[in-house]
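1. Pasting the sequence and the predicted model now:
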Amino acid sequence: MSETAAAPDRRRWYALALIAAAQFMVIMDTSIIGVALPEMRTDLGFSPESLSWVFNAYVVAFGGLLLLGGRLSDLLGAKRLFAAGWAVLAAGSLAAGLANGVAVELAGRALQGVGAALIAPSALTLLMMLFGGNPKELTKAFALYGAAAPAGGTAGVFLGGLITEYASWPWVFYINIPVALVALVATPRLMPATPARSGSTDWLGAATVTAGLGAVVFAVVRAADAGWASAQTLLVLAAGVALLAGFVALQARRREPLMRLGIWKAPNLAGANVAQFLMAAAWIPMWFFLNLYLQQVLGLGAFASGAALLPMTAAIMLMMITVAPRLIARFGTKPLVVAGLALVAAGMLWLSFARSDGSFAVDVLPASLVAATGMSLAFIPSLGTALSSARPEEGGLASGIVSTSYQVGSALGLAAMTALATAHGADELGNAAALTDGYSAAFLGAAVIALAGALLALVTLRGPRAGQGAAAEAETATAEPARQNA
């Protein structure tokens, strides 16, 4: 914390701007391809079933390697890993933009995911280093960082539409390159030095968890065609579960595991990560299918469909930066997580009533604003709770775990909702009624997931102790885990 205290205030806030930009970019890369998918499908030869792997190749690599990224952040230093992640992200973006076939495109997207897996946990570790000593400033920093995530998702849709309409789909990847170059120049000047620590890296554990996640997602994505009870689905799913179980067993035996299992004993860590997992499992499919509904059912062009979701961006950023911190100080984290996820569920349920002959103003705008309000309330308190529940020296690990929860939830949620939508007609291109039925089924499934998240948060998250005000809860959450884990 000595470097944090010594750093000039202006420099710390500039550093936060770069950290927020990192979060903005890694989340934007999950959504910017949404509007471009129809053109990519035509140019590169994707099948309807394989198209979601343009998203999943990124998210599986991102989510599967986040624990490794968190561990490397603790061992090599967050500043060094932050810079390395930008370099890898730029290389993957170049490969994805130059791709002339399905295999090269998916490889480029996976490499982008590797870069994001290095950036995300190191960015959160740097944020905690810069602002962790001041709970009030930390809440403001989380608000700006938190707003960057859904804003990146929304801006990705808009920019994807703008680029697809007036340039061509490869530019949805090339846009990362100049941003990465700026980040590489700014990082040495803005970020605090983070010394390396001695220790080993569990490469086998990293390979096992990534392979297990990939197998589970593949099984769920292919289940719509192969059948949920088919030998292919059951065998691949069983292999994925076995690999993930093997990962847990490895962690229990390792002297220096990728993920210390004892970290889950920290109060609220599991509940906050479950909230992030289910929030992403509902939120990301909404973006995916809402883009498709706007283009393939309402007939909006790429630019128009991106612009149609800008009201959500404004609502999310306004509420996360100005409203959510005040509500956290007044009511604490648990009520906001529960209420926020319930509102996300309500917005998804409303979207499930979208009509094949509907309109943006009636079928999309009001429901999307309700969902945006819920996301604004739930994201920051669940993220802050997950991060503050770990030991200070395990900041990278806690960052990796919560980022993994969100990205794995994204991948599995999209895979499951894609299978559900396909089973209800989303593969019947040109048939507006069938497409709407499929997308409505996905929205309804996402609503169930978000509602489950609200109920689980209600049961698993602890509120402030008797006599402790909500305004003091964030400060207590920072210190309590260290005392309990000592």
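-> Okay, I see it. Numbers count the residues shown, from 1 in each chain.

2. Only C-alpha atoms, please: export stretch 401-408 in CSV.
-> The C-alpha trace of stretch 401-408 is given here as CSV (Å, rounded to 0.1, in the frame of the first residue of the first chain):
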residue,chain,number,x,y,z
ILE,A,401,-12.1,-16.4,-9.7
VAL,A,402,-14.7,-13.7,-10.1
SER,A,403,-13.8,-13.1,-13.7
THR,A,404,-13.9,-16.8,-14.3
SER,A,405,-17.4,-17.0,-12.8
TYR,A,406,-18.7,-14.2,-15.1
GLN,A,407,-17.1,-15.6,-18.2
VAL,A,408,-18.0,-19.3,-17.6
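
3. Show me what it is in contact with.
-> With contact meaning C-beta atoms under 8 Å, 6 or more residues apart in numbering, stretch 401-408 is reached by 59, 62-64, 66-67, 69-70, 117, 120-121, 124, 213, 259, 263, 269, 272-274, 276-277, 279-280, 383, 386-387. The C-beta positions use only the backbone N, C-alpha and C, and glycine is treated the same way.

4. Only the buried residues of it, if you could.
-> By neighbour count with 16 or more other C-beta atoms under 10 Å, stretch 401-408 contains the buried residues I401, V402, S403, T404, S405, Y406, Q407, V408.

5. likewise stretch 432-448?
-> 432, 434-447.

6. What of stretch 361-368?
-> D363, V364, A367, S368.

7. what's the span of it from first residue to last?
-> End-to-end distance of stretch 361-368 (C-alpha to C-alpha, to the nearest Å): 10 Å.

8. Then stretch 260-268?
-> First-to-last distance for stretch 260-268 - C-alpha to C-alpha - comes to 16 Å.

9. what distance separates that stretch from the middle of the whole chain?
-> In terms of C-alpha atoms, centre = their mean, to the nearest Å, the centre of stretch 260-268 is found 21 Å from the chain centre.

10. Rounded mean pLDDT for that stretch, please.
-> Averaged over stretch 260-268, pLDDT sits at 81.

11. nearest to P188, of the buried residues of stretch 401-408?
-> S403 (23.6 Å; C-beta to C-beta).

12. Would you mind measuring from that closest one to I449?
-> Distance, S403 to I449, using C-beta to C-beta, to the nearest Å: 19 Å.

13. can you check G160 too?
-> G160 is 24 Å from I449, where distance means C-beta to C-beta.

14. same thing with S93?
-> 30 Å.

15. now L98
-> Counting by C-beta to C-beta, the gap from L98 to I449 is 36 Å.

16. So which bits of stretch 231-242 are buried?
-> T233, V236, L237, A239, G240.

17. nope, stretch 206-223 is what I meant
-> Applying 16+ other C-beta under 10 Å to stretch 206-223 flags 206, 208-223 as buried.

18. before we move on, what about stretch 194-203?
-> Buried-residue list, stretch 194-203, by 16+ other C-beta under 10 Å: T194, D202.

19. now that stretch: how far from the chain's centre is it?
-> With C-alpha atoms, centre = their mean, you get 25 Å for stretch 194-203.

20. Endpoint to endpoint, it covers what distance?
-> Counting by C-alpha to C-alpha: the opening and closing residues of stretch 194-203 are 22 Å apart.

21. same question for it, mean pLDDT?
-> On average, stretch 194-203 scores 73.

22. Is S52 in contact with A415, as I believe?
-> Yes: using C-beta atoms under 8 Å, S52 makes contact with A415 at a distance of 7.1 Å.

23. now T194, nearest residue through space, not along the chain?
-> G77 (3.8 Å; C-beta to C-beta, 6 or more residues apart in numbering).

24. That neighbour: neighbouring residues, count only.
-> 22 (other C-beta atoms under 10 Å).

25. gap between it and R253?
-> In terms of C-beta to C-beta, G77 sits 27 Å off from R253.

26. and L444, what pLDDT?
-> 96.

27. so which helix or strand takes in it?
-> helix 432-460 (DSSP states H and E).

28. Could you list the low-pLDDT ranges of the stretch 301-450 of the chain?
-> Across the stretch 301-450 of the chain, the ranges flagged by pLDDT under 70 are 302, 390, 392-395.

29. can you pull the contacts of the residue nearest to T194?
-> G77 touches A193, T194, P195, A196, counting by C-beta under 8 Å, 6+ apart.

30. Nearest to M375 among the buried residues of stretch 401-408?
-> Closest to M375, out of all of the buried residues of stretch 401-408 and judged by C-beta to C-beta, is Y406, at 11.9 Å.

31. which element is that closest one on?
-> helix 395-423.

32. How far away from the center of its chain is that helix?
-> Centroid separation between helix 395-423 and its chain, computed with C-alpha atoms, centre = their mean, is 7 Å.

33. Which stretches in the stretch 201-350 of the chain count as helices?
-> Taking DSSP state H, counting those that start in this stretch to define them, one finds helices in the stretch 201-350 of the chain at 203-226, 231-253, 269-292, 302-307, 310-318, 324-331, 333-351.

34. Of all those, which one is nearest V35?
-> Closest among these, using C-beta to C-beta: helix 302-307, at 4.8 Å.

35. elements contacting that closest one?
-> helix 33-44, helix 135-166 (3 or more C-beta pairs under 8 Å, 6 or more residues apart in numbering; DSSP states H and E).

36. Can you redo these as TSV, where the extra columns are distance to G340?
-> Shown next, in TSV, are those (distance: least, C-beta to C-beta, whole Å):
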stretch	distance to G340
helix 33-44	23
helix 135-166	11
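
37. Comparing those helices by mean pLDDT, which bottoms out?
-> Of all those, mean pLDDT reaches its minimum on helix 135-166 (a mean of 78).

38. the inter-axis angle of that helix versus helix 269-292?
-> Orientation check (axes from the mean of the first three to the mean of the last three C-alpha atoms, to 10 degrees): helix 135-166 against helix 269-292 gives 20 degrees.
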